[in-house]
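Enquirer: Show me how the following folds:
(chains A and B)
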Protein chains: 2
Amino acid sequence: MISQAEQKRIRALHQKKGRQETGRFLVQGRKVVAELLQSTWRTEAIYASEDAAAFIREAATTRAVPLHVLAGFELDKLGTFENGNELIAVAVQEPPPSFRLPAPDELILALDAVRDPRNMGGLLRIADWFGVRQVVCSVDTIDAYNPKVVQSTMGSLFRVAVRYTALAVELSAFASSGARVFLADMDGASVHETRLTRPAVLVLGSESQGLSRAVGGVPSEVVAIPRVGRAESLNVAMAAAALCAEFVRQRQLG
Amino acid sequence: MISQAEQKRIRALHQKKGRQETGRFLVQGRKVVAELLQSTWRTEAIYASEDAAAFIREAATTRAVPLHVLAGFELDKLGTFENGNELIAVAVQEPPPSFRLPAPDELILALDAVRDPRNMGGLLRIADWFGVRQVVCSVDTIDAYNPKVVQSTMGSLFRVAVRYTALAVELSAFASSGARVFLADMDGASVHETRLTRPAVLVLGSESQGLSRAVGGVPSEVVAIPRVGRAESLNVAMAAAALCAEFVRQRQLG
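Expert: Numbering: from 1, shown residues only, chains lettered A, B, ... in the order given. All right, here's what the predicted structure looks like:
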């Protein structure tokens, strides 16, 4: 059983306001909760079905996280999954990382008004796959602690530092420090014909609107994944995957 | 107003069974319906709000497609969008393309049990972007005419030939004809260190289960996008984007 007050407290984390006021967020499902418990992030409590509790008990015990077994109808009141909820953790947000200039060999991702949760989660997963340690987001980019984003990151959220900031200002600082700023845009030069040296910042815009005007005003180079077919555009996460792969390829070539 | 019978006929297209029995499918939203009307695919009827009708009327008239203006509550009975339906077309499926061997310079995509609709739509969009003209799918891959898939293709469905088939058999035939069969798998050789000659087939598996055993038995080479970070995997559509970009890069190098 779960009290009305506890239920209310957890449901508040479905919304950005509730997450910001408490500094907490929800992590759901076996894969991502297991990743949470393997990470250094703090977990306050876990709510689980009997099956899911058996799955997570050892990890929860090791981390001394209280584990509450609940009935399915109760879990459905707490979780956001549409097709049944079996494992829900309340976790503590990490303090946002401070501003820092890119290291000499570093690639930073910058997100300009990315609003789709699956794209956002996919972008953090891409960052994690390609060794990007810092993701800088405009303030109108979707909250990384949104439950759908958390789910789509598949745990990469716990390994990549995400910061929300006045993006154009920060990009200008990066550019002034000598980092190259690359804007991803379909009309850009082929990324395969661009020497992608580092330190570098790769800026990705929202799918429907492209890059904001302020960001477009930063000294930068525009790059694209060449199109040989007829699709009008690539989804922002797919474009990011192809661009980051090329950054890694060129560095590995030396 | 729309009759109960017509409503029932359209709602049947939400399900695979209804689509297969009638050879029809739904196309929804301004972007994708506009793409449908610009394509050679046949459209039987369009149902629209007043606003959406104004948007699509010229294209519908040019193509002689009946356009029915309906109230929002009626459109919500027909469409599958959760946040309101304003534009719904009933379109006619194209006959599936016949089996053919890849042309000398061709790259074919093969999908093995891809089940997520957004990934499937994204993969067709990637095919379209990178000039892949043929996508071959295992029979347990999600239906390309699923409304969520159609939406995620952003119109690429109308430009890429999709066929469902006994995938391992067909891949063996491709291999016997001299095409190289590349399996995408995290444990594969770096795609950047593999000479990606054509004709070629790039096989992508489902995210959770990887490639099926039958497909794994086909003579093939395993390739991967090198990982430099710590994510456990890339989403199948993001991996496909990076791999296809590398195929295109290597061909453009000559």
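
Enquirer: Quick check: phi and psi on residue A:108?
Expert: Backbone torsions for residue A:108, taken as degrees, to the nearest 10, come to phi -110, psi 140.

Enquirer: wouldn't it be in contact with residue A:102 here?
Expert: Yes - Residue A:108 is in contact with residue A:102 according to CB atoms under 8 Å; the separation is 5.2 Å. Backbone N, C-alpha and C define where each C-beta goes, glycine included.

Enquirer: which one of the two has more residues nearby?
Expert: For residue A:108 versus residue A:102, the count of surrounding residues by other CB atoms under 10 Å in any protein chain shown is larger for residue A:108: 26 against 19.

Enquirer: Quick check, pLDDT for the more buried one.
Expert: Listed pLDDT for residue A:108 reads 98.

Enquirer: From chain B, how far out is the spatially closest residue to residue A:79 that is not a sequence neighbour?
Expert: Excluding the flanking residues, the one nearest residue A:79 by CB to CB, 6 or more residues apart in numbering or on different chains is residue A:85, at 3.0 Å. Applying CB to the nearest CB, to the nearest Å, the value for residue A:85 to chain B is 19 Å.

Enquirer: Contact partners for residue A:85?
Expert: A:28, A:72, A:75-76, A:78-79 (CB atoms under 8 Å, 6 or more residues apart in numbering or on different chains).

Enquirer: Out of the residues you listed, the closest to chain B would be?
Expert: residue A:28 (16.3 Å; CB to the nearest CB).

Enquirer: Any residues of the stretch 151-254 of chain A in contact with chain B? List them.
Expert: Within the stretch 151-254 of chain A, the positions adjacent to chain B are A:154-156, A:159, A:192, A:225-235, A:237-242, A:244-246, A:248-249, A:252-253 by CB under 8 Å from any CB of the partner chain.

Enquirer: Filter those residues down to just the buried residues.
Expert: By neighbour count, with 16 or more other CB atoms under 10 Å in any protein chain shown, those hold A:154-156, A:159, A:192, A:225-227, A:229, A:231, A:234-235, A:237-242, A:244-246, A:248-249 as buried.

Enquirer: tally of neighbours for residue A:4?
Expert: Residues near residue A:4, counting by other CB under 10 Å: 7.

Enquirer: Show the model's pLDDT score for it.
Expert: 94.

Enquirer: Then the one 5 residues further on?
Expert: Per-residue confidence for residue A:9 comes out at a pLDDT of 97.

Enquirer: And residue A:1, how far from chain B?
Expert: If you go by CB to the nearest CB, the gap between residue A:1 and chain B works out to 32 Å.

Enquirer: And the pLDDT at that residue?
Expert: pLDDT at residue A:1 comes out at 81.

Enquirer: OK, contacts around it?
Expert: Contacts of residue A:1 (CB under 8 Å, 6+ apart): A:70, A:74.

Enquirer: Just the residues of the stretch 151-254 of chain A next to chain B: which are in helices?
Expert: Per DSSP state H, helices hold the following members of these: A:237-242, A:244-246, A:248-249, A:252-253.

Enquirer: Would you mind putting these into CSV with distance to residue A:182 and pLDDT alongside?
Expert: Listed next are those as CSV, based on distance: CB to CB, whole Å; pLDDT from 0 to 100:
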residue, distance to residue A:182, pLDDT
A:237, 17, 96
A:238, 17, 96
A:239, 12, 96
A:240, 11, 98
A:241, 15, 98
A:242, 13, 98
A:244, 11, 98
A:245, 14, 97
A:246, 11, 97
A:248, 14, 96
A:249, 15, 96
A:252, 18, 88
A:253, 18, 80
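
Enquirer: so the residue with the shortest distance to the centre of chain A is in which element?
Expert: Taking CA atoms, centre = their mean, the centroid of chain A lies closest to residue A:124, which sits 3.6 Å from it. Secondary structure assigned from DSSP states H and E places residue A:124 in helix A:117-129.

Enquirer: Report whether the helix or strand following that helix contacts chain B.
Expert: Counting by DSSP H and E, the next helix or strand C-terminal to helix A:117-129 is strand A:134-138. No - Strand A:134-138 is not in contact with chain B by CB under 8 Å from any CB; minimum separation 12.0 Å.

Enquirer: Alpha carbons of strand A:134-138, as CSV, please.
Expert: C-alpha atoms of strand A:134-138 as CSV (Å, rounded to 0.1, in the frame of the first residue of the first chain):
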residue,chain,number,x,y,z
GLN,A,134,29.2,17.3,-22.3
VAL,A,135,25.9,18.2,-23.9
VAL,A,136,24.9,21.9,-23.8
CYS,A,137,21.2,22.7,-24.4
SER,A,138,19.3,25.9,-25.1
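
Enquirer: Go ahead and name everything in contact with it.
Expert: Outside strand A:134-138, the residues that reach it (CB under 8 Å, 6+ apart) are A:97, A:100, A:102, A:106, A:108-114, A:123-124, A:127, A:144, A:160-167, A:170, A:201, A:212, A:215.

Enquirer: what packs against the worst-scoring helix or strand of chain A on mean pLDDT?
Expert: When the helices and strands of chain A are scored by mean pLDDT, DSSP states H and E, helix A:213-216 comes last with a mean of 80. Applying 3 or more CB pairs under 8 Å, 6 or more residues apart in numbering or on different chains; DSSP states H and E, one finds that helix A:213-216 contacts helix A:167-176.
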